[in-house]
Each structure stands twice: as C-alpha cells, then as structure tokens.
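Asks: build me a model:
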Amino acid sequence: MTRMARYIGWQAAVVTLLATLVLCALMLLMQSVRLVDMIVANNLPLADFMLLTGLAVPRFLVDLLPVILFGAILFTYHRLAGDNELVAFFAAGYSRRALARPAALLALVCVAAGYVMTLYVYPLAQQQTRDTLEEIRTRWSAAFIREGQFTPVGSHAMVYIAGRDAAGNVTGLFYYDRKTDLTLIAEKGVFLDDAEGPPRLLAYNGSKHFKRDGKTHLLKFNRAVVQIDTGEAAAGGRWMLPEERFLHQLLFPDPDDPADRAYRNLLRVEAHERLLSPLLSLTALAVALSVILRGFHARGRNIRPVLLASGLMLGVYVVQMWSGNGAAKVPALLVVSYVNVLAPVLVWLFFLARDGGRVRPLAA
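Replies: Here you go, the predicted model:
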C-alpha cells in the first residue's frame, strides 16, 4: 500500500470509527430511556439494564454502518479536495482508481463486518433479548406489577396492587384467573420466585371467589398460596420472529409449521434484507466517490458535491424502504431492491474502468 493510500485510508478509518462510537453511544442513550422505566421503577438489577442495552448494539450497527461510511468518505475526500490535496495527488501521477482504493478497502471491511452482524450476531442478539425479557417478566418479586394498575399475568390472569410496604409486601391485592375463574382479594401479599417451578402468590387476610358445580363459593382465609401460570411452558415452543432467525431458517422455513407457511413471504423478505444491508456500504462508496472524484471543485462551490451526494444517497434509502416494505405483499419488488443497491456500484465501476483512471478538473 502506498503512502498516499495509507494517508487517505487512515483519515477515513478514523472518522468512521469515531462516528460509529458517537452514534452508537447516542442510540444506546435513546435505548436506555425506553428501558429506564422498566429497570428503575420496578427495582430490577443494573445487570439486566446493561445486558439489554448491549444487545441492542448489533441492530444499530446494521443500519448505521453504511450511513457512517458514506459520511466518512464524503467528509474525508471533500476535505482533501477543498485543500487541493487531491489535485496534488493527481499531479503526482495517481489515478482516479488509486485515489479510490483506500475508501474501497474500508468499504469492503464494512461489508464483511455487516455480514457478520446480519448473518450471526444480530439474530443471536435478538434471541437473547427476547429470552432476557421473558426471564425478567417471570421474576414476580420485582417485575412489572405496578401500583394502581391492572397488570396482565400470562395469557389468562390479571393482578392489581394498591401499593407496597417497606418490607416489599404488596397491599390491596386483587388477582383474577380467567382460566380457573378464580378471584382473590387480600389485604396484603408477596410474590415468591421458584427456580424449579412457576412463581407463587402468598396472600394474607382475604377471600377467594370461585365456581364449583355451577355455584359460586366464597372462602375466607388468613393465609393462602396460589401458583401463577406465566406461560413459561408455552414459551419453549414459541414461534421465532423473523429477526431472531438465521439465514437458513429464513430461506427455508418449516413447511409443517402453520405460522411459517402463513408468513413465508415475510421471512423471505427478511432474508433478502439481511443479504442486501451490508452491500449498502458499497453503494455508499460508489455514490460518494462518483461525485467527489468527478472533478476538483473551487473552494467557493465545494458545498454542491456534498448536497448532490447526500441527495442521491437519500434517494437510494427511500427506494430501499419502499421496496422492502412492499415486498412482503409483492415479492417482485425484491428485484427493485437489488437493482437499487447494486446498480450505482456497477455504473461507478464501469465509468471508472472506462475513464482509465483520469480525472477531468472542472473549470473554476
């Protein structure tokens, strides 16, 4: 690698890395706002907060990496053009292809990182996120039951508490199970976690209302225990969401699963989006360099290539979102997605090869 390539590549890589760290920190801050109510208000451990926040990073990186790369290439080469460094490189005998090579190598690194994210890390993180959230929801001593609100429990029960005392007991307890038609009202109670089974509700000084033999019965008690069905048994056989699946599970869904058959198109669209998302880094490279390296601009007009490249890249993303959203109903739109991503790259490579590497300066 020449000194020129190391010089340009180092600058673009540093900008890409710094922008990735800053935007990831910003996205994590926004994510933490969504989680802080669940963690702080319900007294859940800080470890859960850190885990859920960290698991959100792959999703952000998949979407942000092409945008970050586009901004880094545009910023680096536009600054070089504004300082007449590109003119100096060209005068020293470097071709357009040589000037583009450092950015191309950086884009290939981003493509490789993108495929690692979309094909392995992202689905694994989504699986872990869902498992963690379901595990949190089963920790009834500190989970999502909030004062003054009716909270669903599993698929067929409801809990209401008026408040909590200093010892952690709940007061003003109301529990209704639609499956067994059981209503429990108590002065106070406590939710007990059981590592080997479903959580239990220990209630004091209350009454049970239930039906038996077609009659409604009332049973008063000083102390009663009720097992809470949180639906954990069903969770083991849950339907995997598209974002939780690996590529082969998206391309070849289970033909014996009714849900897989019903959402077959949606799974296929997710698979093609996984394949296309990393390639957007090459599209960003082609759009940015096709504008910046088409000529050297005078200082007074150097904002025009930035606006032009940004507008073109925005158009690519708009078309990509439109075709991706509609492909579940009209699978033929996947062709539009591939053309939208690959066409700018192929056109740029064609003109780069045809031009022979020469850059035609614009008149001042």
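Asks: and residue 179, how many neighbours does it have?
Replies: Residue 179 has 10 neighbours, counted by other CB atoms under 10 Å. Where C-beta positions appear, they are placed from N, C-alpha and C, glycine not excepted.
Asks: quick check: phi and psi at it.
Replies: Dihedral angles of residue 179 (phi, psi; degrees, to the nearest 10) stand at phi -70, psi -40.
Asks: ok, it touching residue 156?
Replies: Yes - counting by CB atoms under 8 Å, residue 156 is a contact partner of residue 179 at 4.3 Å.
Asks: can you name every helix or strand that the helix or strand hosting residue 5 contacts?
Replies: Element membership for residue 5 (DSSP states H and E) is helix 3-40. Counting contacts by 3 or more CB pairs under 8 Å, 6 or more residues apart in numbering; DSSP states H and E, helix 3-40 packs against helix 46-55, helix 57-82, helix 96-116.
Asks: how about a cut-off of 10 Å?
Replies: Judged by 3 or more CB pairs under 10 Å, 6 or more residues apart in numbering; DSSP states H and E, the packing partners of helix 3-40 are helix 46-55, helix 57-82, helix 85-91, helix 96-116, helix 122-137.
Asks: these into a markdown table, with extra columns for mean neighbour count and distance to residue 324?
Replies: A markdown table is the format used below for the helices and strands packed on helix 3-40 (neighbours: other CB atoms under 10 Å; distance: least, CB to CB, whole Å):
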| stretch | mean neighbour count | distance to residue 324 |
| --- | --- | --- |
| helix 46-55 | 15 | 23 |
| helix 57-82 | 21 | 12 |
| helix 85-91 | 16 | 36 |
| helix 96-116 | 19 | 16 |
| helix 122-137 | 17 | 16 |
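Asks: okay if I get those as a markdown table plus mean pLDDT?
Replies: Formatted as a markdown table, the helices and strands packed on helix 3-40 follow (pLDDT from 0 to 100):
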| stretch | mean pLDDT |
| --- | --- |
| helix 46-55 | 79 |
| helix 57-82 | 90 |
| helix 85-91 | 82 |
| helix 96-116 | 93 |
| helix 122-137 | 82 |
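Asks: same list, those helices, but as TSV with distance to residue 216 please.
Replies: Below are the helices and strands packed on helix 3-40 laid out as TSV (distance: least, CB to CB, whole Å):
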stretch	distance to residue 216
helix 46-55	41
helix 57-82	50
helix 85-91	86
helix 96-116	61
helix 122-137	31
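Asks: you'd agree residue 59 is up against residue 124?
Replies: No - in this structure, residue 59 is not within contact of residue 124 by CB atoms under 10 Å, at 11.6 Å.
Asks: local confidence estimate at residue 242?
Replies: Per-residue confidence for residue 242 comes out at a pLDDT of 90.
Asks: surely residue 175 is in a helix?
Replies: No - assigned with DSSP: H, G, I helix; E, B strand; the rest coil, residue 175 falls outside any helix and is strand.
Asks: so what's it up against?
Replies: Contacts for residue 175 (CB atoms under 10 Å, 6 or more residues apart in numbering) come out as 153, 157-161, 182-186, 189, 201, 203, 206, 208, 226, 228.
Asks: can you rerun that using 6 Å?
Replies: 159, 184 (CB atoms under 6 Å, 6 or more residues apart in numbering).
Asks: hey, what's it bridged with?
Replies: residue 159, residue 184 (DSSP bridges).
Asks: look up how far residue 77 lies from it.
Replies: According to CB to CB, to the nearest Å, residue 175 and residue 77 sit 65 Å apart.
Asks: swap in residue 210?
Replies: For residue 210, the distance to residue 77 equals 74 Å [CB to CB].
Asks: before we move on, which element is the closest residue to residue 207 other than its chain neighbours in?
Replies: Nearest-residue entry for residue 207: residue 220, 4.8 Å, with adjacent residues in sequence omitted and distances by CB to CB, 6 or more residues apart in numbering. Counting by DSSP H and E, the element that carries residue 220 is strand 215-227.
Asks: quick one: mean pLDDT for that strand?
Replies: pLDDT averaged over strand 215-227 gives 87.
Asks: partners of that strand, with directions?
Replies: strand 200-212 (antiparallel).
Asks: Provide a list of residues in contact with residue 270.
Replies: Applying CB under 6 Å, 6+ apart to residue 270 gives the contacts 242, 250.
Asks: and the gap between it and residue 109?
Replies: Here residue 270 is placed at a distance of 25 Å from residue 109 (CB to CB).
Asks: dump stretch 85-101 to CSV, restricted to CA.
Replies: Output of stretch 85-101 as CSV, limited to C-alpha atoms (Å, rounded to 0.1, in the frame of the first residue of the first chain):
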residue,chain,number,x,y,z
GLU,A,85,-4.6,17.6,-1.8
LEU,A,86,-6.4,15.6,-4.5
VAL,A,87,-5.0,17.9,-7.1
ALA,A,88,-1.5,17.3,-5.7
PHE,A,89,-2.0,13.6,-5.7
PHE,A,90,-3.3,13.6,-9.3
ALA,A,91,-0.4,15.9,-10.4
ALA,A,92,2.0,13.3,-8.8
GLY,A,93,0.6,10.7,-11.1
TYR,A,94,-2.0,8.9,-9.1
SER,A,95,-5.1,7.8,-11.0
ARG,A,96,-8.7,8.0,-10.0
ARG,A,97,-8.7,4.3,-9.2
ALA,A,98,-5.6,4.8,-7.0
LEU,A,99,-7.4,7.6,-5.2
ALA,A,100,-10.5,5.5,-4.7
ARG,A,101,-8.6,2.4,-3.5
